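All I have is the shape, not the residue letters:
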């Protein structure tokens with residue numbers, strides 16, 4: 001699917017199953033604890049060396065013991081500006097040059113990466129929603145994504161999050177998933193919340209008590225016509241409710257994959 005494999009730990013539920021086709025470069029895992037990329041798999045040793053060399057520029061050693069920083073509940077113009085500034089910073093562009101050159105498709109000094117458009121919010125399934133907390137939205141902001149393009153047309157998403165030292169790029173992922181699904185969601189359900197259920201790599205849009213699928217993984221979970229918000233909550237609570245932070249599952253340090261399970265009944 002264009003994105004090489006990486007392991008993720010969304011919702012702090014332990015290691016989720018392999019994410020389909022996405023190449024991640026982890027720059028700083030701390031702002032996104034148990035939600036960002038936690039390991040690289042199926043990656044040649046020489047590529048690992050290139051990625052590590054690239055990431056070293058943006059990983060302050062002092063943050064090794066830093067506590068997680070909550071992300072804002074809403075996105076403002078100031079938030080977008082701060083994320084855009086981090087994405088367009090000289091050190092970020094230098095890292096992007098090495099990232100785009102990692103497979104030899106373009107030379108580092110010829111990559112000439114640029115950031116296009118404004119940063120967009122990217123939301124994931126909310127643990128509070130899974131836990132059934134009253135009034136909890138279906139998704140919460142995880143990071144802002146900025147589109148990066150190289151001179152030869154390669155694309156990547158810069159994941160920017162708030163940290164103790166301000167807004168920083170914490171990850172680079174190949175492709176345009178974040179932007180593509182944002183557009184699909186806006187077209188399918190205008191004004192809806194586009195979000196990802198990372199345990200099964202599924203993308204949805206929710207609005208007005210409905211949850212509609214945006215990709216095949218989501219269709220397998222909720223059906224081609226989607227489902228009600230209540231039915232979706234019931235499904236994710238069954239799947240992940242006993243694996244939330246503080247659960248016996250989490251305290252035991254267990255890890256494993258989660259299948260989509262039976263589709264939620266359309267309503």
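Structure received. Keep in mind that this is a model prediction, so the values were computed, not measured.

hey, let's count contacts and neighbours off CA atoms from now on
Fine.

what secondary structure does residue 70 sit in?
Of the three states, residue 70 takes coil according to DSSP: H, G, I helix; E, B strand; the rest coil.

Give me the number of neighbouring residues for it.
For residue 70, the neighbour count with other CA atoms under 10 Å is 14.

give me phi/psi at it?
When quoted as degrees, to the nearest 10, the phi and psi of residue 70 stand at phi -60, psi 140.

The stretch 101-250 of the chain: helices as residue ranges?
127-130, 177-188, 216-222, 229-240, 248-251 (DSSP state H, counting those that start in this stretch).

okay, those helices, which one's buried deepest?
Among the helices of the stretch 101-250 of the chain, ranked by average contacts under mean count of other CA atoms under 10 Å, first place goes to helix 127-130 (a mean of 22).

I'd like the mean pLDDT over that one, please.
The average of the pLDDT scores along helix 127-130 is 93.

just to revisit the earlier point, mind checking the helices of the stretch 101-250 of the chain for the one nearest to residue 208?
Judged by CA to CA, the one of these that comes nearest to residue 208 is helix 229-240, at 8.4 Å.

just checking, what packs against the closest one?
Helix 229-240 sits against helix 127-130, strand 210-213, with contacts defined as 3 or more CA pairs under 8 Å, 6 or more residues apart in numbering; DSSP states H and E.

As JSON lines, the ones you listed with distance to residue 227 would be great.
Output for those, formatted as JSON lines (distance: least, CA to CA, whole Å):
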{"stretch": "helix 127-130", "distance to residue 227": "16"}
{"stretch": "strand 210-213", "distance to residue 227": "5"}
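
Tell me the pLDDT of residue 241.
pLDDT, read off for residue 241, is 84.

Relative to residue 200, how far out is it?
Using CA to CA, to the nearest Å, one gets 15 Å for the distance from residue 241 to residue 200.

sorry, back to before: comparing the helices of the stretch 101-250 of the chain by mean pLDDT, which bottoms out?
helix 248-251 (a mean of 59).

pLDDT below threshold where in this protein?
1-68, 245-267 (pLDDT under 70).

And the strands in it?
Applying DSSP state E to the chain gives strands spanning 6-8, 24-26, 37-40, 114-125, 139-149, 155-163, 166-174, 193-197, 202-207, 210-213, 227-228.

Adding mean neighbour count and distance to residue 86, write the ones you listed out as a markdown table.
As requested, the strands of the chain are exported to a markdown table (neighbours: other CA atoms under 10 Å; distance: least, CA to CA, whole Å):
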| stretch | mean neighbour count | distance to residue 86 |
| --- | --- | --- |
| strand 6-8 | 22 | 23 |
| strand 24-26 | 24 | 15 |
| strand 37-40 | 18 | 19 |
| strand 114-125 | 19 | 10 |
| strand 139-149 | 25 | 10 |
| strand 155-163 | 26 | 7 |
| strand 166-174 | 23 | 5 |
| strand 193-197 | 24 | 23 |
| strand 202-207 | 24 | 26 |
| strand 210-213 | 24 | 32 |
| strand 227-228 | 22 | 38 |
